[in-house]
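1. predicted model follows, preceded by the sequence.
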Amino acid sequence: MISLTRRYRFSASHRLHSPALSEAENARVYGKCNNPFGHGHDYVLEIAVAGPVDARTGLIISVPALDQFIHRHVLQLFASRNINADVPQFGQLAATTENVALVIAGIVQQNWHDSFSDLPARATSIRIQETARNGFEVLLGASTSSMRPRTEMERVLVHG
């Protein structure tokens, strides 16, 4: 088995604010990132895909097909957006980059089979770099999310 990591860049804004916390708690927990006007990042998203090399093509997965998948399911949702206001999954969810990584992982898992059911390759991780110092990674299990019951948090993250 071999792994491919593909990198995508997008810009988006967010405000770190939890509806579960008071204004004072939000200010204490998130500091300057709780600014009511938000702030932006140039994110770097990486998806790792693992699988056998196809004997005919020499590929794990078609890179243009993977690019199209990520564009359709992730970048159209997040790129040049206000995550808090424009991404439905964040209606009651703090727009931390940890949660952005979890939401993207859920979206990838939810849609992978429909796009790549003919391939043995699978997404193995999602990594998102927020700043030069902050990056977050979600390791994806061997089974797809549709093959096991979702936890309550996963339902929130994937479906909003």
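-> Thanks, I have the structure now. Residues are numbered from 1 along each chain as shown.

2. CA atoms for contacts and neighbours, from now on please.
-> Will do.

3. how about the nearest residue to Glu130 once chain neighbours are set aside, secondary structure?
-> Distances taken as C-alpha to C-alpha, 6 or more residues apart in numbering place Tyr43 nearest to Glu130, at 5.0 Å, with adjacent residues excluded. What DSSP: H, G, I helix; E, B strand; the rest coil gives for Tyr43 is strand.

4. you'd agree Gln89 is up against Gly106?
-> No - Gln89 is not in contact with Gly106 according to C-alpha atoms under 8 Å; the separation is 10.7 Å.

5. is the residue nearest to Glu130 in a bridge, and if so with what?
-> Phe10 (DSSP bridges).

6. do the same with Ile47
-> Applying DSSP bridges, one finds that Ile47 bridges with Arg6, Ile126.

7. that one contacts Arg7, doesn't it?
-> Yes - in this structure, Ile47 is within contact of Arg7 by C-alpha under 8 Å, at 6.7 Å.

8. what sits against the residue nearest to Glu130?
-> 9-12, 128-131 (C-alpha atoms under 8 Å, 6 or more residues apart in numbering).

9. now the longest helix belonging to the chain, how far from the centre of its chain.
-> Secondary structure of the chain per DSSP state H: the longest helix is helix 97-116. Taking C-alpha atoms, centre = their mean, to the nearest Å, one finds helix 97-116 lying 6 Å from the centre of the chain it belongs to.

10. what do you get for stretch 41-60?
-> Distance, centroid of stretch 41-60 to centroid of chain: 16 Å (C-alpha atoms, centre = their mean).
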